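Trainee: how does the following fold in three dimensions:
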Amino acid sequence: MREIKFRAFIKWLNIILEVQAIDFNKKIVYCKNKKGNPNPCDFYKFDDVILMQCTEEKDKNGVEIYEGDIVADKKIDGSIYQKEEVKWGTYNVGCNDEYDFYVNGAYVENEYMYSSMIDGSCEVIGNIYENPELLK
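Mentor: Here you go, the predicted model:
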């Protein structure tokens, strides 16, 4: 069974924290502190966070890839060959719309980058909330 994991970008603090629990009735998100320890005092209203779901994939360094991450493929000399934002949503495959993680607008349009995310050959270089300049 798939483990569903989230992290949260706390807008007013400009940081990302690992999500411990989500209370849909109270509309709050409980987060672990910066060291990754659970803390019942670390909770934020839905309006104050942007949730990012884990893709269950890891990059070449073993870092988990989340929605909102910026992943890059690098050339042998270390320069960046291609970089894209990881998103969650629909893409079209033949006659069917599918929900999944994708890069560059649609899974089919950038199959190479998607396959590098799946096979672990890409690298997480940042995320769109803390490092938006990386996509320029």
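Trainee: residues near residue 4, how many?
Mentor: 9 (other CB atoms under 10 Å). No exception for glycine: its C-beta is placed from N, CA and C like everyone else's.
Trainee: tell me the SS of it?
Mentor: Using DSSP: H, G, I helix; E, B strand; the rest coil, the secondary structure recorded for residue 4 is coil.
Trainee: what is the closest residue to it other than its chain neighbours paired to in the beta sheet?
Mentor: Nearest in space to residue 4, with sequence neighbours left out and distances taken as CB to CB, 6 or more residues apart in numbering, is residue 53 at 7.0 Å. For residue 53, the beta-bridge partners under DSSP bridges are residue 6.
Trainee: which residues touch residue 53?
Mentor: 4, 5, 6, 66, 67, 88 (CB atoms under 8 Å, 6 or more residues apart in numbering).
Trainee: which phi and psi values does residue 56 adopt?
Mentor: phi 80, psi 0 (degrees, to the nearest 10).
Trainee: count the residues that sit near it.
Mentor: Residue 56 has 13 nearby residues by other CB under 10 Å.
Trainee: gap between it and residue 27?
Mentor: 26 Å (CB to CB, to the nearest Å).
Trainee: mind listing the helices for the protein?
Mentor: For the chain, the helices defined by DSSP state H cover 111-118.
Trainee: lowest average confidence, helix or strand, in it?
Mentor: helix 111-118 (a mean of 58; mean pLDDT, DSSP states H and E).
Trainee: low-confidence stretches in this protein?
Mentor: 1-2, 75-76, 89-120 (pLDDT under 70).
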